[in-house]
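In: here is my input; please provide its structure:
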Amino acid sequence: MRIHMIGVGGAGMSGIAEVLKSRGHEVTGSDLKESAYTRRLQEAGVTVFIGHDTGQVGDAEQVVISTAIPKTNPELLEARRRSIP
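Out: Numbers count the residues shown, from 1 in each chain. Alright, predicted model coming up:
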């Protein structure tokens with residue numbers, strides 16, 4: 001499954017991303033800033049975007065959203081527009 005994670009740079013979301021990747025899912029994610037967590041994810045093969053943009057949702061089949069993400073986030077709005085669960 002192709003999964004995009006909005007707000008992937010925190011301890012909880014990055015851990016979930018690593019587990020999903022290790023189970024064979026194609027994982028991408030975004031966060032406002034680079035961190036040790038985002039670098040670790042990149043080293044594990046997760047594509048991490050710094051900043052938020054509608055194009056980063058890509059061809060995701062599912063979107064996972066951090067509780068820190070506002071309802072006005074452009075990636076969240078794009079996922080909702082496209083009815084991506």
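In: show residues contacting the lengthiest helix in the chain.
Out: Ranked by residue count and defined by DSSP state H, the top helix of the chain is helix 11-22. Helix 11-22 is contacted by residues 3, 5, 7-8, 27, 29, 37-38, 40-41, 44-46, 64, 66 when judged by CB atoms under 8 Å, 6 or more residues apart in numbering. Backbone N, C-alpha and C define where each C-beta goes, glycine included.
In: tell me the buried residues in that helix?
Out: For helix 11-22, burial by neighbour count (16 or more other CB atoms under 10 Å) applies to 13-14, 16-18, 20-21.
In: before we move on, the earlier item: in strands, which of the contacts of helix 11-22 fall?
Out: Mapping the contacts of helix 11-22 onto strands (DSSP state E) picks out 3, 5, 27, 29, 64.
In: just checking, the third one touches Val48?
Out: To tie it back to what came earlier, the one meant is Val27. No - between Val27 and Val48 there is no contact under CB atoms under 8 Å: 9.4 Å.
In: just the buried ones from the contacts of helix 11-22, in PyMOL syntax?
Out: Here is the PyMOL command that selects the buried residues among these (16+ other CB under 10 Å):
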select buried, resi 3+5+7+8+27+29+37+38+41+46+64+66
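In: just flag the most distant two among the contacts of helix 11-22.
Out: Within these, two members stand farthest from each other by CB to CB: Gly45 and Ser66, at 20.4 Å.
In: re the thing from before, dump the buried residues of helix 11-22 to CSV, plus pLDDT and distance to Ala60.
Out: Converted to CSV, the buried residues of helix 11-22 look like this (pLDDT from 0 to 100; distance: CB to CB, whole Å):
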residue, pLDDT, distance to Ala60
Met13, 98, 15
Ser14, 98, 17
Ile16, 98, 15
Ala17, 98, 13
Glu18, 97, 18
Leu20, 98, 12
Lys21, 98, 14
